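> one predicted model, sequence on top.
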Amino acid sequence: MNKTLSFAVACVLGFSPMAQAQSDDIAALQQQINQLKQEYEGRIQDLEQRLQQVQSSTIEEPQPTAPSPRNTKNSSRQSVSSGTAFNPAISVILDGSYYNDNDDGKGGEKLESLDGIHNAHGHSHDHGHDDHGHSHGGMDRGFNLNSVEMAISATVDPYFDAKAQIVFSEDSVEVEEAYLLTRGLPAGLQVKGGKFLSDIGYMNKQHTHDWDFSDAALPYKVLLGGHGLGDIGLQLSWLPELPVYTRLGMELFQGRNEKMGALVGEHHYEFEGKEYELTIDKEKSAPRMWTLFAKFAPDLGYNHALQGGLFYVRSNQLQEFHGDDAHVAGDSTHALQGKSWLAGTDWVYKYDSAGSYGQGDVRIQAEYLYQVKDLNVAYHASKPAVVGATRKFTEDGLYLQAVYGFAPRWEAGVRYEVVGLTNKKESANKILDEWESSDRWGLNVTFRPTEYSLLRAQFTRGNFSILGDEERINQFWLQYQLSLGVHGAHAF
């Protein structure tokens with residue numbers, strides 16, 4: 001027993017220095033860990049303070065890009081896509097196509113010459129102004145680079161968002177949109193200012209890469225021209241707190257739309273070597289055009305969405321200059337001036353199925369436009385007696401289209417378009433001229449490999465009235481679109 005106890009004591013005394021050394025090492029390691037903790041805690045606190053400073057200089061997270069009819073409480077205002085003044089969201093969209101038709105590549109040009117109130121004299125009007133809106137429609141027979149669109153958007157500060165949409169083509173650069181958008185105004189109000197696409201209708205506000213078809217619908221081409229109504233101006237919109245999503249708005253524009261607000265640039269013209277003066281009004285001060293619009297969207301549940309709209313556009317000054325007609329003896333030069341207005345309605349229905357990658361989804365879209373030009377004869381070289389006579393031009397148009405996702409990432413679309421159901425020129429309630437309508441059917445198939453790319457084949461067959469004759473024009477597109485960079489969600 002004593003030997004055992006002595007051996008145990010010896011072992012304890014022998015290992016005591018080793019245990020003491022280990023204890024010192026542990027203490028040293030614990031001290032180093034504590035120092036690292038203090039150092040990283042200090043760094044974390046510093047980063048948190050810097051983050052708070054940045055957050056205090058910006059704003060809350062932006063609202064969705066556009067209100068969804070399914071969420072009427074939270075979808076109150078427009079906003080730009082994600083991005084801050086320090087790091088704006090930048091995207092580039094490449095849009096190209098192969099195009100052909102059965103009229104030696106002139107099918108697209110002939111859409112600008114359909115019989116109606118904008119070709120009442122057998123040719124396009126000379127307004128003396130450049131086209132301030134790009135049409136995206138000058139197609140060559142063969143391969144085309146339709147456009148390269150660059151979008152830059154950001155939240156500037158707690159009060160404003162900003163966005164710029166710049167369109168590049170092979171021979172030009174255009175600022176399609178560049179505007180500010182207020183944030184946080186009371187009572188559901190919001191102000192937009194700069195150059196922007198009007199909120200009238202449904203297709204008007206869409207950029208070309210948002211379209212379900214390769215080109216714009218006939219009513220827009222004929223009655224508004226190019227890409228629709230876009231100009232420099234100011235917009236005030238109001239989203240009241242109602243059980244049904246409702247958005248009301250008013251816009252004031254410079255008034256430079258090629259179809260509704262064009263002006264004669266030169267008040268002189270030449271005929272047979274002599275110069276003559278046009279007795280026509282000078283350009284009025286802006287704004288010369290204003291609009292009203294209303295959007296309504298009842299709640300149809302999670303999978304269904306419906307939006308309807310009404311709109312009105314009025315231009316306070318419109319001028320037209322018609323040069324000498326070679327088919328008429330003498331100088332037939334004349335000019336008209338007055339006002340114009342347009343009214344319409346737009347409807348969109350969407351069904352979001354449970355299928356993957358859009359399979360089973362449905363989109364139905366329709367718009368009706370009715371346009372009137374109330375003009376007076378301001379000058380007539382060969383018939384001065386008709387100066388002051390009224391000329392009322394009326395034309396309408398509609399389109400209806402549907403798109404169905406028949407397989408994952410695949411969809412098929414069909415569209416019917418017509419202009420000129422009402423198509424006439426009057427004077428003192430007497431019809432002077434009437435023209436036939438023009439219509440077109442279109443079919444397409446679209447494949448979306450990812451959300452950043454699109455491939456589309458489209459065929460249209462049109463029955464057009466041109467100079468009193470009916471022409472059948474078939475058009476074909478193979479189109480691609482590629483999206484680079486951060487691109488915000490599209491509006492409903």
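Yes, it's here.
> so where's the stretch 1-150 of the chain uncertain?
1-25, 28-29, 32, 35-77, 79-85, 121-138 (pLDDT under 70).
> R409 against E451, yeah?
No - applying C-beta atoms under 8 Å as the test, R409 and E451 come out as separate, 9.8 Å apart. No exception for glycine: its C-beta is placed from N, CA and C like everyone else's.
> what is in contact with these two at once?
The contact sets of R409 and E451 do not overlap (C-beta atoms under 8 Å, 6 or more residues apart in numbering).
> now do V313, the pLDDT please.
For V313, the pLDDT comes out at 98.
> OK, contacts around the residue nearest the centre of the chain?
Closest residue to the average C-alpha location of the chain: Q206 at 2.6 Å, with C-alpha atoms, centre = their mean. By C-beta under 8 Å, 6+ apart, Q206 lies in contact with L197, A491.
> tell me the secondary structure at A378.
Following DSSP: H, G, I helix; E, B strand; the rest coil, the label given to A378 is strand.
> how far away is it from H118?
18 Å (C-beta to C-beta, to the nearest Å).
> the more surrounded of these two?
Taking other C-beta atoms under 10 Å, A378 and H118 do not tie; H118 has more neighbours (23 against 20).
> surely the more buried one forms part of a strand?
No - assessed with three-state DSSP, H118 is coil; it does not lie in a strand.
> next, K110: secondary structure please.
Applying three-state DSSP: K110 is helix.
> and what of P158?
coil.
> hang on, isn't it packed against T182?
No - between P158 and T182 no contact is recorded; they are 10.5 Å apart, counting by C-beta under 8 Å.
> those two: which is more packed in?
Between P158 and T182, counting by other C-beta under 10 Å, T182 is the more crowded of the two (16 against 12).
> so how far is F160 from the more buried one?
Taking C-beta to C-beta, one finds T182 at 6 Å from F160.
> rewinding a little: looking at R409 and E451 now, which is surrounded by more residues?
Neighbour totals were compared for R409 and E451, and R409 leads with 15 against 10 (other C-beta under 10 Å).
> all strands of the stretch 251-400 of the chain, in order?
Ranges of strands in the stretch 251-400 of the chain, per DSSP state E, counting those that start in this stretch, are 268-271, 274-277, 289-297, 304-322, 334-351, 362-380, 390-407.
> redo those as CSV? Include distance to N429.
Listed next are those as CSV, based on distance: least, C-beta to C-beta, whole Å:
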stretch, distance to N429
strand 268-271, 32
strand 274-277, 32
strand 289-297, 27
strand 304-322, 21
strand 334-351, 16
strand 362-380, 13
strand 390-407, 8
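> for V222, find the nearest of these.
Among those, the nearest to V222 by C-beta to C-beta is strand 390-407 (6.1 Å).
> which strands or helices does that closest one pack on?
Counting by 3 or more C-beta pairs under 8 Å, 6 or more residues apart in numbering; DSSP states H and E, the packing neighbours recorded for strand 390-407 are helix 218-223, strand 362-380, strand 410-427.
> parallel or antiparallel, list what pairs with it.
strand 362-380 (antiparallel), strand 410-427 (antiparallel) (DSSP bridges).
> and the end-to-end length of stretch 199-211?
16 Å (C-alpha to C-alpha, to the nearest Å).
> in it, what's buried?
Buried positions in stretch 199-211, judged by neighbour count with 16 or more other C-beta atoms under 10 Å: D199, I200, G201, Y202, M203, N204, K205, Q206, H207, T208, H209, W211.
> show the contacting residues for the nearest residue to H267 once chain neighbours are set aside.
Spatial nearest neighbour of H267, chain neighbours left out: L278 (4.7 Å); criterion: C-beta to C-beta, 6 or more residues apart in numbering. Neighbour list for L278: V264, E266, H267, H268, Y269, F321, A335, A378, Y379 [criterion: C-beta under 8 Å, 6+ apart].
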